[in-house]
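In: The following comprises the amino acid sequence and a computationally predicted model.
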Amino acid sequence: MEPVVSSPARRARVPWWVACLLAAGVLLASVVLAVTFGPADISPAEALASIGHHLGLPFEAPARLEDAIVWELRLPRTLTAAAVGAGLGLAGAVMQSLTRNPLADPYLLGLSSGASLGAVAVLVLGLSLALPLAAFAGALAALALSLAIARAAGAVTPTRTVLAGLAVSQLAAAATSVVIFWTATGDSYREIVTWLLGSVARAQWSSVGIAASVLLVVGAVLLASARTLDAFAFGDTAAAALGVHVERTRWLLLTAVALLTGAMVAVSGAIGFVGLVLPHAVRAVVGAPHRRLLPLVALVGAVFLVWADTLARTLFDPRELPVGVVTALVGVPVFVILLRRRGSWS
């Protein structure tokens with residue numbers, strides 16, 4: 001299969017530390033500005049005052065209503081969107097390297113379909129409180145089945161892994177459709193469809209805790225594996241010659257990606273195009289080495305999803321779009337542009 005990146009020695013077009021500093025500053029500004037958008041008029045100063053007050057900084061809290069809107073409603077949603085965007089961008093970049101497939105995304109191994117099956121199963125039973133756990137378990141079950149199928153055919157190669165993932169994805173999607181067809185009615189049907197399209201509308205501080213904690217732990221593991229991922233870019237034979245235990249390492253990293261993706265899907269549903277498009281766009285700016293790519297793609301993913309969710313909840317106010325619809329509307333034309341300029345990231 002065609003490698004997704006060129007040589008990891010490729011020179012970056014922009015110093016990666018400059019790009020990371022700029023992206024981090026844009027992310028902080030985006031979080032503050034995003035919580036000011038909505039039916040209630042909140043100024044950036046009030047948003048900063050509310051956030052600073054709750055963090056124990058010497059800020060005077062705004063009026064009780066404005067404080068509640070910022071801290072209890074908008075900020076958890078915005079931070080969840082940031083964590084999910086960072087996680088999906090990071091998972092997509094790692095998945096593209098492990099499979100050497102430029103069309104790979106975090107959902108390639110049936111993770112999204114497995115998570116959706118678990119989530120739909122608890123939603124139709126009225127057990128919405130168990131949704132994150134069920135979605136997480138479904139994603140891990142899909143990964144285990146995909147890798148078992150690939151392993152049954154021999155060594156776990158990128159091609160076998162991708163094909164096994166596609167089969168599991170179709171199986172889980174069919175099972176989800178059957179569950180919806182036979183059991184979902186009324187409000188539960190609407191809730192299921194919204195979740196399947198991707199949404200952080202129900203995000204609470206518990207959602208922030210789940211997404212952020214998994215992102216920090218698994219993200220640290222993936223960042224520490226940057227040199228190993230560089231080796232995979234040259235192919236399995238070259239990676240083995242460089243001292244990498246190819247099959248074991250691929251299993252471990254795929255499991256890490258599954259843990260990360262499962263946690264993100266558990267709190268947001270299936271949000272597409274973030275993990276597919278952003279790694280290519282970032283790679284075109286800072287080059288192929290993963291020590292540059294991974295931190296920046298996480299920051300860019302966070303910024304992207306914060307603003308995509310802001311558009312989703314304000315563009316057609318008082319109606320709200322699932323954020324997955326917005327990411328698709330933005331992601332498709334961007335991907336077409338990247339495809340036309342394929343020489344910059346192939």
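Out: In hand now; what should we look at? Numbering: from 1, shown residues only.

In: helix, strand or coil for Phe59?
Out: Of the three states, Phe59 takes coil according to DSSP: H, G, I helix; E, B strand; the rest coil.

In: Please identify the helix or strand for the residue lying closest to it once chain neighbours are set aside.
Out: Distances taken as C-beta to C-beta, 6 or more residues apart in numbering put Gly52 closest to Phe59, at 3.3 Å, once the chain neighbours are dropped. All C-beta spots, glycine's among them, are computed from the backbone N, C-alpha and C. Of the helices and strands defined by DSSP states H and E, Gly52 is found in helix 44-54.

In: What of Leu215?
Out: Per DSSP H and E: helix 205-224 holds Leu215.

In: Which elements pack onto the helix or strand following that helix?
Out: Following helix 205-224 in sequence order, the next helix or strand is helix 226-232 (DSSP H and E). Judged by 3 or more C-beta pairs under 8 Å, 6 or more residues apart in numbering; DSSP states H and E, the packing partners of helix 226-232 are helix 75-99, helix 236-241, helix 246-268, helix 290-314.

In: Dump the second one to PDB, restricted to CA.
Out: Read it as helix 236-241. Output of helix 236-241 as PDB, limited to C-alpha atoms (Å, rounded to 0.1, in the frame of the first residue of the first chain):
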ATOM      1  CA  ASP A 236       7.600  -2.900   7.900                       C
ATOM      2  CA  THR A 237      10.900  -4.200   6.600                       C
ATOM      3  CA  ALA A 238      12.700  -1.000   7.200                       C
ATOM      4  CA  ALA A 239      11.100  -0.600  10.600                       C
ATOM      5  CA  ALA A 240      12.200  -4.000  11.700                       C
ATOM      6  CA  ALA A 241      15.800  -3.200  10.500                       C
END
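
In: other SSEs contacting that helix?
Out: Packing partners of helix 236-241 (3+ C-beta pairs under 8 Å, 6+ apart): helix 226-232, helix 246-268.

In: just checking, what packs against the longest one?
Out: With contacts defined as 3+ C-beta pairs under 8 Å, 6+ apart, the packing partners of helix 246-268 are helix 75-99, helix 111-124, helix 131-152, helix 205-224, helix 226-232, helix 236-241.

In: Adding mean neighbour count, write the ones you listed out as CSV.
Out: Below are the helices and strands packed on helix 246-268 laid out as CSV (neighbours: other C-beta atoms under 10 Å):
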stretch, mean neighbour count
helix 75-99, 29
helix 111-124, 27
helix 131-152, 22
helix 205-224, 17
helix 226-232, 22
helix 236-241, 14
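
In: Quick one: those helices as CSV, columns for distance to Pro295 and mean pLDDT too.
Out: Output for the helices and strands packed on helix 246-268, formatted as CSV (distance: least, C-beta to C-beta, whole Å; pLDDT from 0 to 100):
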stretch, distance to Pro295, mean pLDDT
helix 75-99, 9, 94
helix 111-124, 23, 82
helix 131-152, 24, 84
helix 205-224, 7, 94
helix 226-232, 9, 89
helix 236-241, 22, 80
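
In: would CSV of these with distance to Glu191 be doable?
Out: Shown next, in CSV, are the helices and strands packed on helix 246-268 (distance: least, C-beta to C-beta, whole Å):
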stretch, distance to Glu191
helix 75-99, 17
helix 111-124, 6
helix 131-152, 10
helix 205-224, 16
helix 226-232, 38
helix 236-241, 44
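
In: nearest to Leu296, of those?
Out: Among the helices and strands packed on helix 246-268, helix 75-99 comes nearest to Leu296, with 9.0 Å by C-beta to C-beta.

In: Looking at the helices and strands packed on helix 226-232, spot the one closest to Ala175.
Out: Closest approach to Ala175 among the helices and strands packed on helix 226-232 is made by helix 246-268 (16.1 Å; C-beta to C-beta).

In: Fine, thanks again, bye for now.
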